[in-house]
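> Model the structure of this input:
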Amino acid sequence: MDRHLDKYNQIKQFKLLSAVAIDLMGLASYVIPIISESTDFIWGPMSGFLIFMLFPNRKGRAISGVLEEMIPFTDFIPSAYLTWRQEYVKENERTLNHFLDQRLAEDRIVRQRQIDHK
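Residues are numbered from 1 along each chain as shown. Below is the predicted model:
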């Protein structure tokens, strides 16, 4: 069980760092003032895709990430971080239980295969 909790925490930290990086990339468009908003039409869909890859059960949040990047002057909204926060702060117990259920089911399958091969 401890190894599952360690893995959960590793994934949680990786997703936090990834979410912050996604949001920082969105803010990077402000570095070049004149072309900043035009780059959002490229980054917006990429941002939404990355949010969806990190949080596949949050399709609505991924779509809002695309819109947030494409609507002028809304890049300051940390869409990826807010998605992480919903997943790992607001709904942490549900997220942890789902993760543990999946890992324990995988362990049962592995044990059953080992028994079947003996």
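> so how far is residue 43 from the residue nearest the centre of the chain?
The structure's the chain has its C-alpha centroid closest to residue 54; by C-alpha atoms, centre = their mean the separation is 3.1 Å. The gap separating residue 54 from residue 43 is 16 Å, by C-beta to C-beta, to the nearest Å. In this view, the C-beta of every residue, glycine as well, is placed from N, C-alpha and C.
> Please apply the same query to residue 80.
Here residue 80 is placed at a distance of 12 Å from residue 43 (C-beta to C-beta).
> just residue 50 next, same as before
When residue 50 is compared with residue 43 (using C-beta to C-beta), they lie 10 Å apart.
> buried sites along the longest helix along the chain?
Secondary structure assigned by DSSP state H gives helix 2-28 as the longest helix of the chain. Using 16 or more other C-beta atoms under 10 Å as the test for burial, helix 2-28 gives 4, 8, 12, 15-16, 18-19, 22-23, 25-26.
> now the helices for this structure?
Using DSSP H, helices in the chain cover 2-28, 36-54, 59-70, 79-85, 92-116.
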